[in-house]
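Q: mind looking at a prediction? Sequence and model below.
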Amino acid sequence: MTEQKIFDQTFDIAWDCPLGDFLKTLEDFNLTLKSFIAEGPGGGNPTITLSGTPTNLSMFEFHIA
């Protein structure tokens, strides 16, 4: 099996997302929270940077859309 490289990707998330639900979702998609900005530039919603494989990042992006 070919090992996938790890990439970082930044997302805006809803400010009212419960922390426990959010962390469980990251665990479900095998992603690591690298950084966050509590009031991001996208209208005040938090901005998060996640680390993971391209496949897992894409699946997470589809999940939150």
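A: Great, that's in hand.
Q: residues in contact with the most centrally placed residue in the chain?
A: Closest to where the C-alpha atoms of the chain average out (CA atoms, centre = their mean) is residue 50, at 4.5 Å. Counting by CB atoms under 8 Å, 6 or more residues apart in numbering, residue 50 makes contact with 8-11, 26, 31-34, 57, 60. (C-beta placed from N, C-alpha, C; glycine too.)
Q: please repeat the previous calculation with a cut-off of 10 Å.
A: Shown in contact with residue 50 (CB atoms under 10 Å, 6 or more residues apart in numbering): 7-11, 26, 29, 31-36, 56-57, 60-61.
Q: repeat for residue 47
A: 10-13, 35-41.
Q: same deal with residue 64?
A: So residue 64 contacts 11-14, 17, 22, 25, 29 (CB under 10 Å, 6+ apart).
Q: ok, residue 58 next?
A: Contacts of residue 58 by CB under 10 Å, 6+ apart are 9, 29, 52.
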